[in-house]
Structures are given as structure tokens and as C-alpha cells.
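Colleague: quick one: sequence and predicted model below, then my questions.
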Amino acid sequence: MSYITDHKAKFDNLKVSLELKNRDHLKRKANGGNSIVFAYPPNEEKQYIEKAKELFEEKSYAFIDIAKLLVDFIDLDGWSEFESYYKDFSDTPHVIFKSDDEATDLMDLITKEIADAASKNLTPILIRTGVLNGTGIENVNIMENKIVMELKQPLIIFYPAKLENDNLYFLNFKLASKYRCTVID
């Protein structure tokens, strides 16, 4: 379906999922998770994000732009340093983007923004998540994060993907987890 014919039903489903009375059902359907994956065709991302910004007021929602956070992460050490260690760890990108050490990485920036939104009683919405491809950060890493699991309101992940034969494909080609979430396709 095209964006125009499909978006209203998807956004209506998202709004229903966010209603307080449906939170227990959401967690049961998401195997205890606290996330909603809002899937849409990658080539229609701009339209879906624009519509979301129209529908979801800033006083209740926080849009977290992962592309911007990636740039912020690179800026922490500068391009030259980033380029150098990216080349050194190109086979193990998770070492750069979601390590367990004390250095700030992209995953840390993402979870900090989610926690900041929650501290302001805002529902966090991750957008431009396609930039995670190749970082070693999978949607399940975010969905199973302790901060996300303990949110009072669910995390919404805008996810350029397709659902085919009950499988979720990130960017329409990479098999993705839907274990800790409710998928709205």
C-alpha cells in the first residue's frame, strides 16, 4: 500500500497501543517488553516522520533522531579519530558503537536520550533508525535495555522495514527481532 492509503490505519493502531488501558496487553504481546516497532517502507520514511510530528505533540512526546546522535557520537572524538578506530574495528562494529566499557558510545547516547525523555514524563520516539545498520546495535539491544524495560510509557521505534511471512526485515532486507515489542505494520 502507498503511504496515503496506509498511514491513517497505522497511526490509529499506534494511538490505540499507547492508551493507558492497553499497556498490560502491550507488555504481554511483547513478551514483557515495553516497545512498539512502527514499521513502514524505507522509501516513505520522510512522510511517516512528518505525519508523526504533526500528530504527536512535543509536550507529550520526545523525538530522538538517531542520525543526529550518530553525528554527535562522531563529534565526541572528531572525524579523524573516528575514522581510524572505525577502520580498526570494521569487523566488530559493536566494539565502537555499543561497548561495555566506560567510554561514551552511540548506544549510551541513545539510552541517555530515552532516559531524559522519561524523566520529563515524555514518550520517547526513535526516528531515523536506519543509520543503525552496520553499527552492531540491533533493535533488540534497545528494546531489552533496562532503561527501556522500566519506562512508564512504551518506547516507540520508527522502523524502516517490512513484515513478510511473519518476519520483520529492517531496511527491507535484514532479518530483525520482534521479540520484545509490538509491531505495527
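Modeller: Received, thanks.
Colleague: got the buried residues for the top strand by length along the chain?
Modeller: In the chain, assigned by DSSP state E, the strand with the most residues is strand 155-164. Residues of strand 155-164 classed as buried under the neighbour-count rule (16 or more other CB atoms under 10 Å) are L155, I156, I157, F158, Y159, P160, A161, K162. Backbone N, C-alpha and C define where each C-beta goes, glycine included.
Colleague: before we move on, what about stretch 161-180?
Modeller: Quick answer for stretch 161-180 (16+ other CB under 10 Å): A161, K162, L168, Y169, F170, A176, K178, R180.
Colleague: need the contact list for I127.
Modeller: I49, A52, F63, I64, D65, I66, F158 (CB atoms under 8 Å, 6 or more residues apart in numbering).
Colleague: re the thing from before, tabulate the buried residues of stretch 161-180 in TSV, adding columns for pLDDT.
Modeller: Output for the buried residues of stretch 161-180, formatted as TSV (pLDDT from 0 to 100):
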residue	pLDDT
A161	95
K162	92
L168	94
Y169	95
F170	95
A176	92
K178	86
R180	85
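Colleague: ok, of those, which one's closest to F97?
Modeller: F170 (15.4 Å; CB to CB).
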